[in-house]
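**Student:** give me coordinates for this.
(2 chains)
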Amino acid sequence: MALGNKLAALETFIAAQADATKVTATLIGRLGGGAIQQNWALDLDILGGPLAGPQPVVLRADAPSGIAESWGKAEEFAILRVAHRAGVRVPEPLWLDDLGGVIGQPFHISRRLPGSADPRKLVRAIEEEAGDTLVAELGGEIAKLHAIAPANAPEALAFLPKPTGDLIVSRLAAHRAQLDRLPEAQPVLEWAINRLEDEAPRYVRAPATITLCHRDFRSGNYLVADDRLTGLLDFEFAGWSDPYEDLGWFCARCWRFGMVGAEAGGVGSRDAFYRGYEAAGGGPVDDDRVRFWEQMAALRWAIMSLEQAERHLSGRERSIELALTGLVSLEMEYDLLIDLRLPGFKPVAKKPRAEEAAS
Amino acid sequence: MKQRPGAEALLDAALATLQEELLPTLKGRQKFQAAMISRAVAVARQEMLGAAEAADQELESLARLYGHPIEGDLAQARRQLAADIRARKFAPGTPAETRLIDHLVETTAAELRIANIKYLAGRQRRHGAESAI
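**Tutor:** Numbering: from 1, shown residues only, chains lettered A, B, ... in the order given. Got it, this is the predicted structure:
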């Protein structure tokens, strides 16, 4: 999509939404992290109305072919508003065009927060102490999101389906169905699903307390400026779930970007992350349960990466990035084959952080 | 004497130009795209050199797992294996499951050797060779 020649239509739309007399939009450029979404940075100059003045914003639109699991723009906008009102650090959602009439596809606009989301740079640059501070902040923010439960949720979230029955059983059944929709059989992932089904009772000893979950909470999906968290991003997968799904996704080996010794997101220690979560009212963290969901994370990301490659291979959306993502599933398959057989899903050998960085 | 460059020589030449001359001059999204092209070509090169052998080995390994030669192609054999796993034909803790896991580890390692040998080497450094786990 070329946004450059849609700016006039966009300015008119924003002026109407913002009760402004005139809006000038300057396109700064496309932001990274867009395998599923397309994000553009824009600088607005607003004349009149409550938001008068310069406003740096981000316009977020769907990529040509989304993946089935992700929400459309209207739903993501609703989730973002609920999170923002609950005091979770997120970009403030401003305006939504759900119909696609303005620029040719649905989008929403939110305030642009400072910072970078690049996970590879972050995990390599951040020092140990700053990393622990950052993951504690992240634990605290996600705990605030997890304070939103179906019982106290605003009507705006009524579209989110409520899980019924055993969450893990239904997740694994859904993963088998996803595998059935892929053109090639996946023996390793079939084995991993069986193993997770068998091991679940040992690690997950109580039914889930369902809360609002981000469901893609990991390094790369939050902004950091000067080693501090400025906001959580990318709510397109959010839904009701076991909050341990978020904690496990964050700590999963596949989201440490090579810094496997920094078990919380490749950034900080597991302890610091858990402490931040607990301090913000997230309740005592059950380590076994997090580790179980870390293995669920490897399985889910393996399947998602195969689905992303299929978007390219099927011809729906030609993209070298999507094609290469398909290769990543092999890493998780190998990890699952090793890690699902480790007692407690815990690695035996530990190496100091510096050595991990060099490898 | 070979007069024309073969597929491997052509890919090597393309990769060298891309990595040594083009990539250092690029910035931002173009650099990212060129890096993706470089990776795609490098994996395709490994695939070209090693995929046939890996497929033969996987079929041999499947024959050992099932105790008889495998009829049909690899894709079909994998479908059968996936169906057998889902049908729980390899019960947990049995020698059959141990043989299954050996097969899966071996074939996944062979695929990783083509797609991302650095990742494979990193995991093996931490946990020993796959057969030793």
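
**Student:** so which residues of the chain form helices?
**Tutor:** You didn't pick a chain, so chain A it is. Remark: helices assigned in chain A by DSSP state H are A:7-17, A:73-85, A:119-125, A:128-146, A:167-181, A:187-203, A:243-251, A:270-277, A:287-313, A:320-339, A:353-358.

**Student:** that's the wrong chain, I wanted chain B
**Tutor:** B:7-16, B:28-66, B:74-86, B:95-115, B:117-127.

**Student:** any chance of a markdown table for the helices of chain A, columns mean neighbour count?
**Tutor:** Quick note: C-beta positions are derived from backbone N, CA and C, even for glycine. As requested, the helices of chain A are exported to a markdown table (neighbours: other CB atoms under 10 Å in any protein chain shown):
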| stretch | mean neighbour count |
| --- | --- |
| helix A:7-17 | 17 |
| helix A:73-85 | 21 |
| helix A:119-125 | 17 |
| helix A:128-146 | 22 |
| helix A:167-181 | 15 |
| helix A:187-203 | 20 |
| helix A:243-251 | 27 |
| helix A:270-277 | 22 |
| helix A:287-313 | 22 |
| helix A:320-339 | 21 |
| helix A:353-358 | 12 |
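
**Student:** between the ones you listed, which one is closest to A:P154.
**Tutor:** Proximity to A:P154 (CB to CB) singles out helix A:73-85 among these, at 5.8 Å.

**Student:** give me the residues contacting the closest one.
**Tutor:** Contact with helix A:73-85 is made by A:60-62, A:71, A:90-93, A:96-98, A:106-108, A:110, A:145, A:148, A:153-154, A:156-157, A:159, A:212, A:232, A:235-236, A:238, as judged by CB atoms under 8 Å, 6 or more residues apart in numbering or on different chains.

**Student:** so of those residues, which ones are in strands?
**Tutor:** Counting by DSSP state E, those place A:60-62, A:93, A:96-97, A:107-108, A:110, A:212, A:232 in strands.

**Student:** okay, now the unreliable bits of the chain?
**Tutor:** All of this refers to chain A. A:1, A:33-36, A:63-68, A:349-359 (pLDDT under 70).

**Student:** meant chain B actually
**Tutor:** Residue ranges of chain B with pLDDT under 70: B:1-2, B:127-133.

**Student:** contacts only, for the residue in it positioned nearest to chain A.
**Tutor:** Chain B approaches chain A most closely through B:A82 (3.7 Å), counting by CB to the nearest CB. For B:A82, the contact set (CB under 8 Å, 6+ apart) comprises A:179, A:185-187, A:190.

**Student:** of those residues, list those near chain B.
**Tutor:** A:179, A:185-187, A:190 (CB under 8 Å from any CB of the partner chain).

**Student:** so which of the helices of chain B is nearest A:K6?
**Tutor:** Evaluated with CB to CB, the helices of chain B place helix B:28-66 nearest to A:K6, the distance being 19.9 Å.

**Student:** so how far is the closest one from its chain's centroid?
**Tutor:** Here helix B:28-66 is found 5 Å from its chain centre; the criterion is CA atoms, centre = their mean, to the nearest Å.

**Student:** could you do stretch A:103-115 as well?
**Tutor:** Using CA atoms, centre = their mean, the offset of stretch A:103-115 from its chain centre is 16 Å.

**Student:** ends of that stretch, how far apart?
**Tutor:** Length of stretch A:103-115, first residue to last, CA to CA, to the nearest Å: 27 Å.

**Student:** go ahead and name everything in contact with it.
**Tutor:** So stretch A:103-115 is in contact with A:1, A:3, A:6, A:9-10, A:14, A:41-42, A:55-62, A:72-74, A:76-77, A:80, A:90-100, A:223-225, A:230-231, going by CB under 8 Å, 6+ apart.

**Student:** got a quick PyMOL command for the buried subset of the contacts of helix A:73-85?
**Tutor:** The following PyMOL line selects those of these that are buried, judged by 16 or more other CB atoms under 10 Å in any protein chain shown:
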select buried, chain A and resi 60+61+62+71+90+91+93+96+97+106+107+108+110+145+148+153+157+212+232+235+236+238
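
**Student:** Provide a list of residues in contact with the residue most central in space within chain B.
**Tutor:** Centroid-nearest residue in chain B, with CA atoms, centre = their mean: B:E111, separated by 1.5 Å. By CB under 8 Å, 6+ apart, the contact set of B:E111 is A:330, B:54.

**Student:** state the distance from it to A:G266.
**Tutor:** Distance, B:E111 to A:G266, by CB to CB, to the nearest Å: 24 Å.

**Student:** contact partners for the nearest residue to A:F292 once chain neighbours are set aside?
**Tutor:** Nearest residue to A:F292, sequence neighbours excluded (CB to CB, 6 or more residues apart in numbering or on different chains): A:Y203, at 3.6 Å. Listed by CB under 8 Å, 6+ apart, the contact set of A:Y203 reads A:288-289, A:291-292, A:345.

**Student:** one more pass at 6 Å, please.
**Tutor:** Contacts were defined as CB atoms under 6 Å, 6 or more residues apart in numbering or on different chains; by that measure A:Y203 touches A:288-289, A:292.

**Student:** quick check, the residue in chain A closest to chain B?
**Tutor:** Nearest residue of chain A to chain B (CB to the nearest CB) works out as A:A185 at 3.7 Å.

**Student:** now that residue, nearest residue through space, not along the chain?
**Tutor:** B:A82 (3.7 Å).

**Student:** just give me the residue closest to the centre of chain A.
**Tutor:** A:D216 (2.5 Å).

**Student:** dihedrals phi and psi, it?
**Tutor:** Main-chain torsions, A:D216, degrees, to the nearest 10: phi -150, psi 40.

**Student:** burial count for residue 54?
**Tutor:** If you meant another chain, say so; for now it's chain A. 11 (other CB atoms under 10 Å in any protein chain shown).

**Student:** my question was about chain B, not that one.
**Tutor:** 18.

**Student:** how far away is the closest residue to it other than its chain neighbours from A:L138?
**Tutor:** Spatially, and ignoring its direct neighbours in sequence, B:A54 is nearest to B:A110 (4.5 Å; CB to CB, 6+ apart). Computed as CB to CB, the B:A110 to A:L138 distance reads 38 Å.

**Student:** please name the residues that touch the residue nearest to A:R275 when sequence neighbours are not counted.
**Tutor:** Residue nearest to A:R275 in three dimensions, not counting chain neighbours: A:A136, with 6.0 Å by CB to CB, 6+ apart. Contacts for A:A136 (CB under 6 Å, 6+ apart) come out as A:272, A:275-276.

**Student:** which single one of the residues you listed is nearest to A:E333?
**Tutor:** A:E333 has its nearest neighbour among these in A:A272, at 30.1 Å by CB to CB.

**Student:** how about the nearest residue to that closest one, chain neighbours excluded?
**Tutor:** Counting by CB to CB, 6+ apart, A:D132 is the residue found nearest to A:A272 once chain neighbours are left out, at 3.7 Å.
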